[in-house]
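*Asks:* Sharing a sequence plus its predicted fold:
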Amino acid sequence: MAVALVATVKLSAGDTSTSNPFFGTLSTVSPAELPAKSAELVSRADSKNRLATTADVVKAAVGLNPAAAAAIVGTIAQSTPEMASVAAATAVALVPKQAIAIARAAAAAAPSEAGKIVEAVCRVVPDAYQDVANTVAGVAPGAGKAILSGITAAIPALQEPIGKVLASYSGSNPSVSDVLGQVSPVTAITSLNGAPVAMTPAPAPHFGQPYIPSPPSTVNLQPSNGGQVPPGGRIYSSP
């Protein structure tokens, strides 16, 4: 479903107010009523069209009031938990700078969907996987395994390193921050075709001991090489 969601978001990224069937309805409500009205539209949709409806409703609502993105997603997630990941990913695609706040709102309203929320959001902004995962874990502390599974589903390059850490982990609910802290740093980017790709950054430069040049060869001074010394020697204290 997450893969289908990302495809749906990308295909409809160019939607306008005239092509979105919910823009007209949502444009008539006040900003304060926008989250609740959005949630109502999603909850009333039939099961066959609910995914597409959620994406369209979020796009229309966030387009009307981008600052309310987290509130819109949180309200939808609370009324229709199974659509929390869809709403979150759609909103993040529109306002990626609010990814953390949106993921937090979705997970707080639907903690049982924490893993799916992390997967869906990380597919949109894979480079923010650590912040997204740790934020969701903070509001859904019992969903450690689901959250880590969501990361590996969204970013396959992390499956092996996370799996190795989990193999030596004792406990039924792993700490997300502890596990990710033991995984080698990975910068996740999105390739040209939209698939998440993980690239390991170049190692930091290594600096050795300071360079000390070899001392010059010793020069023996001969009396014959010096200048003439006036009678009484040199008076160094004189100006």
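*Replies:* Now that the structure is in, tell me what you want to look at.
*Asks:* Past the helix ranked longest in the chain, which element shows up next along the chain?
*Replies:* Longest helix in the chain, counting residues (DSSP state H): helix 50-64. Downstream of helix 50-64, the next assigned helix or strand under DSSP states H and E is helix 69-79.
*Asks:* Report the inter-axis angle for the helix or strand following that next one versus helix 50-64.
*Replies:* Once the chain leaves helix 69-79, the next helix or strand it forms, by DSSP H and E, is helix 84-94. Relative orientation of helix 84-94 and helix 50-64, computed by axes from the mean of the first three to the mean of the last three CA atoms, to 10 degrees: 40 degrees.
*Asks:* State the mean pLDDT of helix 84-94.
*Replies:* For helix 84-94, mean pLDDT is 98.
*Asks:* Stretch 57-68 too?
*Replies:* Averaging pLDDT along stretch 57-68 gives 97.
*Asks:* Which residues does that stretch contact?
*Replies:* 12, 15, 17, 20, 22-23, 26-27, 31, 34-35, 37-38, 41-42, 69, 72-73, 76, 86-87, 90-91, 94-95, 98 (CB atoms under 8 Å, 6 or more residues apart in numbering). All C-beta atoms are positioned from the backbone trio N, CA, C, and that covers glycine.
*Asks:* Tell me where this protein has strands.
*Replies:* 187-190, 196-199 (DSSP state E).
*Asks:* Can you show me the helices along the chain?
*Replies:* Secondary structure of the chain (DSSP H): helices located at 2-11, 23-26, 34-44, 50-64, 69-79, 84-94, 99-109, 114-124, 129-139, 144-154, 159-167, 176-181.
*Asks:* Which other helices and strands does the fifth one contact?
*Replies:* Pointing back at helix 69-79 there. If contacts are counted by 3 or more CB pairs under 8 Å, 6 or more residues apart in numbering; DSSP states H and E, helix 69-79 sits against helix 34-44, helix 50-64, helix 84-94, helix 99-109.
*Asks:* One more pass at 6 Å, please.
*Replies:* Using 3 or more CB pairs under 6 Å, 6 or more residues apart in numbering; DSSP states H and E, the elements in contact with helix 69-79 are helix 34-44, helix 84-94, helix 99-109.
*Asks:* what about stretch 155-163, start to end distance?
*Replies:* Using CA to CA, to the nearest Å, the end-to-end distance of stretch 155-163 comes out at 13 Å.
*Asks:* still on that earlier bit, ranking the strands of the chain by mean pLDDT, which is last?
*Replies:* With a mean of 47, strand 187-190 has the lowest mean pLDDT of these.
*Asks:* show me the contacts for residue 159.
*Replies:* Taking CB atoms under 6 Å, 6 or more residues apart in numbering, we find residue 159 in contact with residue 152.
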